[in-house]
Each structure stands twice: as C-alpha cells, then as structure tokens.
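Participant: fold the following, please.
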Amino acid sequence: MLSENLIKLTLVVPLVAVLFLSGCVGQGSVGVGKGLEINDLSVDFNSVDSGEKVTLYLKVSNTGSTEAKNVKAEIAGIDVREWKGKTTESLGDLLPVDPQSNTPGETQTRTFDLNAPTLAKGLQVSYEPIVYVSYDYEATTVKALTLVDIDELRRMEQQGRGPSVKTKSSTGGPISVEIQAGEYVKTGTSSEAYNRFPLYITITNNDWGSGGTVIPASGRNANDYPVQLTIDLPSQLSASDCKLRDTINLWKGQNAEITCDMRVTRPPQKREDVLITVKMDYRYQIEASTSITVTGTK
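Facilitator: Predicted coordinates for the structure are as follows:
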C-alpha cells in the first residue's frame, strides 16, 4: 500500500552515455576535429508532471574535414509509446570545416516534443533519454614512399645521403588509418630482398570509449562493425594476400589489421616517388543523454 508520503522510484536505464560538449572555437582560427559532435542535448524542464509537454533540444556540428551525409537523430532509452511524440529527425548533410577560409563546419539543431507518461499519484520516476546521431562518413589516408634502384642507392650512400623521408596525410575522422611501410624500397635485382616489402594497415575506432561506434550494415549480425576499405596502388606496385576492395569488420568494434605482400612490378631506372592511398566509407554513430523527472498526478 502506498502511503501519503511521496514515494520515489529510480528508473535505471542501461547504456547511458556521458554527454561530451565540444570545445569552444577561438576567433583566431577554426580547428579540425574528428567528425560530428553533439554540442547540446537538454530539456526545457528537468522536472514535470504526468501528461505535461517536454521538449528536448539537440545541437549537432561537423568539426571534421569531410562532409557528413545522411545525418539522422533518434531518441532512445525511453518507451516512445509512453512518451507519445516524434522521436526521429533527419538533419540532412552537414558541411565540413574549411580551415583555409576559417569557416566552421555546419551546425544543425532539432527539437523533439514529447508528453510525459502517466504515473500514479505519489510516484516520481527519473528517466534518462538518449539521443543517437548517425551519419555516413569517408576518410582518405595517403602514404608516400620511394622506389630506388640498388645502384642508385649505393651511389647516394657513397655521397653521404639517402632517400628523403616521406610524409603522409589524412582527412581524419572518428576512424583512423595508419599505413606502415619502409620509407624506401630497393629495386633492380631478382633477389627476394629487393622489389618486395610488407604493407601494414591498422584501422582504429578512436571514440569507442566514449560511445562512438560503426553501425552494423543492414542484414548483418549486430556484432559486426563494417568498414568499406579501398586500397589504391600506383601502376608500379601490385599486392597479394589482401583484397584491394573489401568489407573489414572491426574486432569488437575497436580495430582491425590488414597485411599486404607488396611487389614492385615496374622498377625505376634510378628512383621514383609513389603514393599508396587507403579510402574508408562507413556509417558512424555517437550518443549523449539528459535527464527528466516525472511526478505522477493520477
């Protein structure tokens, strides 16, 4: 039997994420982040009575250098049948940051109008709605290396110099790619020690610990975290023991490793710089939460 005193119940909702607010962008320059960020998820009233209207406010911005496409937001963590309101919204495509013109990435806001569920008089329940924001994203990483004929390399070594160290570039994102190979490859002989080298590709989900995840493709197992991977090679190289176009499943949603056996099929007469390009396409999801306390009046 309920007493006349107010009885408080605590509703525990699993998988509640901590809301990470993006840092302030200084007026001097626009920084580039890792993709979409949830800047704000809040409610107009944190405490309401049964049946009263509640509005959730969502603000999302693109801090990355790539356009986020097909952006969608969905409210979860509460029984949408009880709250009787719209719980999904499309945010369209969000333009990326442009550091050259000092232009921030695009920001979109949405509101969700809900009605607090009916509770018996004397009950007070705390709810923690979660918002999932998902989007299509792509990233490109380029690795440069030098193909050098063994006679040319010996001549350079006799002169006290060697092939210059090459840099790599990446468009970034919540999923990063690390391409590892030597700075140069010796060519010009039939020996197994030349014209051949291993290429290591490591894919890492940098935001796994804060709730960021690749969304499983439709029809796949819920424990799959697929990334579409494309390796573009120059005409001077060929690869074996790996697929140049493949769907890679991140192990436990966190990382994956690919190794390719590379061969120089068209060696240079002296030396030549070449580029290895790795492209990724995936759908990513981030999350945040807020809290609402509902007091029963029936």
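
Participant: now for the nearest residue to V80 once chain neighbours are set aside, how many residues are close by?
Facilitator: With sequence-adjacent residues excluded and distances taken as C-beta to C-beta, 6 or more residues apart in numbering, V80 is closest to T87, at 4.9 Å. Every residue, glycine included, has its C-beta placed from N, CA and C. By other C-beta atoms under 10 Å, the residues close to T87 number 17.

Participant: swap in Y132?
Facilitator: For Y132, the neighbour count with other C-beta under 10 Å is 20.

Participant: confirm it sits in a strand?
Facilitator: Yes - Y132: assigned to a strand according to DSSP: H, G, I helix; E, B strand; the rest coil.

Participant: pretty sure it sits against T87.
Facilitator: No - counting by C-beta atoms under 8 Å, Y132 stays clear of T87, with 10.3 Å between them.

Participant: identify the contacts common to those two.
Facilitator: E74, A76 (C-beta atoms under 8 Å, 6 or more residues apart in numbering).

Participant: which residues touch I258?
Facilitator: Y200, I201, I203, L229, C242, I248.

Participant: so the second one versus T230, what's the distance?
Facilitator: As judged by C-beta to C-beta, to the nearest Å, I201 and T230 stand 11 Å apart.

Participant: give me the more crowded residue out of those two.
Facilitator: I201 (22 against 15).

Participant: who touches that one in this structure?
Facilitator: Applying C-beta under 8 Å, 6+ apart, the residues near I201 are V177, E178, I179, Q180, L229, I231, E257, I258, T259, C260, V278.

Participant: point me to the helix or strand that includes the second one.
Facilitator: So that's E178. Element membership for E178, per DSSP states H and E: strand 175-180.

Participant: which secondary structure elements does that strand sit against?
Facilitator: strand 130-149, strand 168-170, strand 196-205, strand 271-289 (3 or more C-beta pairs under 8 Å, 6 or more residues apart in numbering; DSSP states H and E).

Participant: that one versus strand 271-289: what angle between them?
Facilitator: 150 degrees (axes from the mean of the first three to the mean of the last three C-alpha atoms, to 10 degrees).

Participant: could I get the CA-only coordinates of strand 175-180 as CSV?
Facilitator: Provided in CSV are the C-alpha atoms of strand 175-180 (Å, rounded to 0.1, in the frame of the first residue of the first chain):
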residue,chain,number,x,y,z
ILE,A,175,38.0,6.1,-37.5
SER,A,176,41.7,6.5,-38.3
VAL,A,177,44.0,4.6,-40.6
GLU,A,178,47.7,4.0,-40.1
ILE,A,179,49.8,2.9,-43.1
GLN,A,180,53.1,1.4,-42.3
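
Participant: so how far is it off the chain centroid?
Facilitator: Taking C-alpha atoms, centre = their mean, to the nearest Å, the mean C-alpha location of strand 175-180 is offset from the chain mean by 13 Å.

Participant: mind giving me the packing neighbours of the helix or strand just after that strand?
Facilitator: Note on strand 175-180: by DSSP H and E, the next helix or strand toward the C-terminus is strand 184-187. When contacts are defined as 3+ C-beta pairs under 8 Å, 6+ apart, strand 184-187 sits against strand 130-149, helix 150-158, strand 255-264.

Participant: residues contacting strand 184-187, please?
Facilitator: Against strand 184-187 from outside (C-beta under 8 Å, 6+ apart): 145-150, 153, 162-163, 193-195, 197, 262, 264, 267-268, 271.

Participant: below-threshold pLDDT in the chain: ranges please.
Facilitator: The chain contains residues with pLDDT under 70 at 1-33, 165-167, 190-193, 217-223.

Participant: geometric centre of it: which residue is closest?
Facilitator: Nearest residue to the geometric centre of the chain (C-alpha atoms, centre = their mean): P174, 2.9 Å.
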